[in-house]
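In: Sharing a sequence plus its predicted fold:
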Amino acid sequence: MDEITKLAAKCRVATPHDVVTNSECVYTFHSPFTSEKGILVNLKTFVGTVDELAFAADDDGAESPALFVRICKTRVPKEGGGGGDDEKVDAVKLGVGVEGGFQSDQDKYDTIESFAIVMMGKGADGDGKAQVLIEMPYDDDSKNSFPMLVSQSADAIIHHAGLAVKQDLSAWELDEEPKPVSKYAESLPFVENGVKVSPNPSDWKCEKSGDKENLWLNLSDGFIGGGRKNWDGSGGSNGALEHFIETGEKYPLVVKLGTITEDISTADCYSYAKDEDENPQFEGAIREAWDHGSWHVRTLIPRKKCSYAASTDHFAFIPRQKTVKSTAELEVELNATYAFDAITEKGAHLVPVAGPGLHGLQNLGNSCYMNSVAQLLLSGLVPELSSRYGSTYGVTNNPLLKIAPTKAADDLLCQTAKVSCALTSGAFRGPVPESVEVSDASTSDPKYRLAPRMFKHVIGHDHVDFRTGQQQDAAQYFQYLLEKMDRAELGAGERLKSKDGSGPALVSSHLFSYKTETRLVCESDNMIKYKESPPETMLSLRIPKTTITDTDMPDLKRQKSEDPGDTDKEKKEVPTVAFDACLDEWAAVTAIDDFRWPHLQNSISRARCQSRFVNFPRYLLIHMQRYELGDDWQPHKIEVDIDVPEEISLQKFKGTGPQEGEKLVPEEAEGNEGSVNVPAAPVIDQGALGQLMDMGFNMNGCKRALMAVGGSDIEAAMNWVFEHNGDADFNDPIPEGSTTTTASAVPSSGVDEAVVMSLVENLGCFTADQVRAAVKHCDGAADRAADWLFSHMEDLDGAISSLESASSATAGSSAPKPTLTLEDGEGNYNLVGLISHIGKNTGSGHYVAHLKKDGKWVIFNDEKVALSEHPPIRHAYMYLFQRSDTVGAPNPEY
């Protein structure tokens, strides 16, 4: 105790505002549940680690020896709580931990906790390895024997909400507030048309499609129509909605057939009116329909409930309970079973698997986009990244983990290694379940769960979208993640060197990087100009509309829906487009009407443009543009299957460069812009470009939009995007000479002073130098710069100093850096991974990954991992191909 007393003065008492990692090691996914040792939390820094990483690197805040509190937890089933072999209670309400909802862990399990005060010290050999010097149990009986400051510090850590709780919500519920009463309920019109609705449910059917499921009754005219489609594509035929529109939108209130019981308040009601909530209540309107003698309601409301219903004789046929599920109940079922048809392989008997490279990731709330991309990159599918970030050295011995505990949670390299080590090692795998039958996720044992909260935070904390809990675009996240990894790797210094130690290591994006060659032909004189694009990491392909709409096209076939649940329904025909047709569309010759040619004294002449590959990368990520903006400015999914073979050849799309006999545009002519008195090409405002890109549009499309509207008008540029996003060349790189893509008014610092001064004036609490540094860091995007400034207010000067240091480190000497040669080889590729999306747009719905492991396809649906019977290759949103000559031969530089 004397040794502990000597260190007591160094302990701190955590406040609610302190960050305390008391539920997980900052270096690994070890938690208090994982082993008998649990985790250690430093009583001074409040950082949680496993024993061997308590002194992972020298740190001013982690002197040796130091005091820690050990937190260990064991979960045991409650008697009769449903955590053991008791009968499962089905959820009837969309909520967790609420009456009638999904059972939470607290309902099913008790947690047994134990604590100890531990004095740790570094090994005598000076290698930094931690060892236990003293360990004493800490409980209610023994706490008074410890110095007061030690007890207060330990209690504050043990009872602190912790970082994980701050990031998660333990319970949620769909309808927390009472439903409003429909404004149309009191004055609802009734049509005297003599229609009567049969009391026999078997007679009900949609008057448009003939469907017999998900039927809705219009309270005004008795029309029976199919319900709307659900967010995953299931649901009704839209018959009721179409009828509402066809009747001039005069009769908005509908009720779901089969949900009207003795208790009218349980009826599933819906309003198609655009000026009120979609799910109001209008029990009064149903009763008013009865008072009016309305045919359809009289036959459906049981007489017992309505004393004034004595004149009818057929109520005995009506059940006292609902005969179909309400919309909310269906949504509960949808969320409880994840029945996502082909993409999640609905109806297939999937065999669960576990082991190295076969571990799922917990969904943190709309984080399936992140989980799918992390599995694609960090679970062993890309051996180069597994070698750098994975468990080659063991879960706790990866060199990238050697960083001070106080810095580990915010270090991108450390957190990336943490995720990859956990996925590739299999160290946290649990017993393989008997089946993949989905149940409430809270029943999973926490000792086997991987919740990538710190990874999500370190990647997205400074991004306006990825920092939120909303669903995001997986393709955009893939590119952003590679960009963040590149920056961290370039600034890693001695932590990440090349294999021979001669210089910095290759960045991760190098594995995916390719250039394209643009061949431009001037129609005035047939002179030709070749231009190479900057390196890109994702090939975005449009789905050719002509192929979809023209059934006579040879590339299009018709395929019926294979949903096993639709045996009694007419199969929906879905067009199928050949993958080659998408590639041909990308490589086709396109026309540019207003191209300025330097060799023609900047005069405008039509140009023919064609793109080809300069190199074939080791890994090629292909993104299918399955979503487009409709006439209502809302994203709509293109309902089409893509016939993608598992082996492809792109050799015919390889660029050849200038050929003998071609007349090339003189190189010296390229510097002659402005030598004649012609209007200059529009200057693109970098701030406006950044704001448009933050809205989710592609950079090349944003540049084209700004170029078309003068360079800076964001609203006009958005209108242009909505009108032209379907153009064949919308996402193609901007040919050189067609516009000025760097702002001439921007000084050498690369910052638009107009943006800086506007922010200084509008924000009112930052200096021009501070704003200038933020704008430069955020690539000119004003909104992102404002977010960055406010998120770093606690130590703004320190954050700016770090930015300047990082900028200096990456800039190096003023001499130009040698251009790194991109990988190249034969253009033959094998399909190794898919990311599929379910939903009406990329910012909603659900993402699932399918990866090819040891020759077998495996589905990764968040925490559910199983062998795949029918990988949804036709439905995927992103495809990862590996160049054939690199299979089994990873790049040794990683």
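Out: All right, it came through fine.

In: list the contacts for the closest residue to Asp641 other than its chain neighbours?
Out: Nearest residue to Asp641, sequence neighbours excluded (CB to CB, 6 or more residues apart in numbering): Arg874, at 3.9 Å. (Each C-beta comes from the backbone N, C-alpha and C, glycine too.) Arg874 is in contact with Ala342, Thr576, Asp641, Ile642, Asp643, Val644, counting by CB atoms under 8 Å, 6 or more residues apart in numbering.

In: 7 Å instead, please
Out: Contacts of Arg874 were listed using CB atoms under 7 Å, 6 or more residues apart in numbering, and they are Asp641, Ile642, Asp643, Val644.

In: And for Leu241?
Out: Contacts of Leu241 (CB under 7 Å, 6+ apart): Arg228, Tyr272.

In: SS state for it?
Out: helix (DSSP: H, G, I helix; E, B strand; the rest coil).

In: what about it, distance to Thr247?
Out: Distance, Leu241 to Thr247, using CB to CB, to the nearest Å: 11 Å.

In: returning to that earlier point: name the nearest of the contacts of Arg874 relative to Glu135.
Out: For the contacts of Arg874, the minimum distance to Glu135 (CB to CB) is 57.4 Å, reached by Val644.

In: Which element, helix or strand, includes Val858?
Out: For Val858, the enclosing helix or strand under DSSP states H and E is strand 856-861.

In: Return the distance of the nearest residue to Gly469 once chain neighbours are set aside relative to Asp862.
Out: Among residues not flanking Gly469 along the chain, Gly365 sits closest, at 4.9 Å (CB to CB, 6+ apart). Distance from Gly365 to Asp862, counting by CB to CB: 11 Å.

In: Next, the buried residues of the host helix or strand of Leu67.
Out: Using DSSP H and E, Leu67 maps to strand 66-77. Buried residues in strand 66-77, defined by neighbour count with 16 or more other CB atoms under 10 Å: Ala66, Leu67, Phe68, Val69, Arg70, Ile71, Cys72, Lys73.

In: quick one: the nearest residue to Asn861 once chain neighbours are set aside from Ile245, how far?
Out: Spatial nearest neighbour of Asn861, excluding adjacent residues (CB to CB, 6+ apart): Val848 at 5.0 Å. Going from Val848 to Ile245 by CB to CB gives 34 Å.

In: out of the two, which sits in the busier spot?
Out: For the pair Val848 and Ile245, the greater number of neighbours falls to Val848 (27 against 10), based on other CB atoms under 10 Å.

In: What strands flank the helix or strand that contains that one, and is each parallel or antiparallel?
Out: Using DSSP H and E, Val848 falls within strand 846-853. With DSSP bridges as the test, strand 846-853 is paired with strand 828-838 (antiparallel), strand 856-861 (antiparallel).

In: for those strands, which one sits closest to Gly426?
Out: Gly426 lies closest, by CB to CB, to one member of these: strand 856-861, at 13.6 Å.

In: Give me the buried positions along the closest one.
Out: For strand 856-861, a neighbour-count test (16+ other CB under 10 Å) marks Trp857, Val858, Ile859, Phe860, Asn861 as buried.

In: ok, now stretch 401-416?
Out: Buried, per 16+ other CB under 10 Å, within stretch 401-416: 401-406, 408-409, 411-416.

In: Which members of the residues you listed occur in helices, if any?
Out: Using DSSP state H, the subset of the buried residues of stretch 401-416 located in helices is Pro405, Thr406, Ala408, Leu412, Leu413, Cys414, Gln415, Thr416.

In: Neighbours of Glu24, how many?
Out: Residues near Glu24, counting by other CB under 10 Å: 26.

In: quick one: which helix or strand includes it?
Out: Counting by DSSP H and E, Glu24 is part of no helix or strand.

In: Show the contacting residues for the nearest residue to it once chain neighbours are set aside.
Out: Leaving aside its chain neighbours, Glu24 sits nearest to Ser31 (5.0 Å; criterion: CB to CB, 6+ apart). Shown in contact with Ser31 (CB under 7 Å, 6+ apart): Ser23, Glu24, Ile39, Pro446, Lys447.

In: Now for those, which sits with the most neighbours around it?
Out: Of those, Ile39 is surrounded by the most neighbours, 30 neighbours in total, counting by other CB under 10 Å.

In: pretty sure that one contacts Val47?
Out: No - applying CB atoms under 7 Å as the test, Ile39 and Val47 come out as separate, 10.0 Å apart.

In: Flag the least confident of the buried residues of strand 856-861.
Out: Across the buried residues of strand 856-861, the bottom pLDDT score, 92, is held by Asn861.

In: my guess is that one contacts Tyr847, does it?
Out: No - taking contacts as CB under 7 Å, Asn861 lies outside contact range of Tyr847: 9.1 Å.

In: Flag the shaky bits of the stretch 151-300 of the chain, pLDDT-wise.
Out: Across the stretch 151-300 of the chain, the ranges flagged by pLDDT under 70 are 163-178, 230-235, 261-263, 266, 278-279, 284, 287-300.

In: which residues in it form strands?
Out: Ranges of strands within the stretch 151-300 of the chain are 215-218, 224-226, 253-256, 269-271, based on DSSP state E, counting those that start in this stretch.

In: would TSV of the ones you listed with mean neighbour count be doable?
Out: Output for the strands of the stretch 151-300 of the chain, formatted as TSV (neighbours: other CB atoms under 10 Å):
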stretch	mean neighbour count
strand 215-218	25
strand 224-226	25
strand 253-256	24
strand 269-271	24
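
In: Setting aside sequence neighbours, what's the nearest residue to the residue most central in space within the chain?
Out: Computing the C-alpha centroid of the chain and ranking residues by CA atoms, centre = their mean puts Tyr369 first, at 2.7 Å. Leaving aside its sequence neighbours, Tyr369 sits nearest to Ala474 (CB to CB, 6+ apart; 4.2 Å).

In: quick one, helices of the stretch 151-300 of the chain?
Out: All helices of the stretch 151-300 of the chain, identified by DSSP state H, counting those that start in this stretch, fall at 162-167, 239-246, 283-291, 295-298.

In: Now Arg606, what are its backbone angles?
Out: With angles defined as degrees, to the nearest 10, Arg606 sits at phi -60, psi 140.

In: number of nearby residues for it?
Out: Applying other CB under 10 Å, we find 13 residues neighbouring Arg606.

In: Enumerate every residue touching it.
Out: Glu523, Ala591, Ile592, Asp593, Phe595.

In: Put the buried members of those residues into a ChimeraX selection.
Out: Here is the ChimeraX command that picks out the buried ones among the contacts of Arg606, judged by 16+ other CB under 10 Å:
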select :592,595
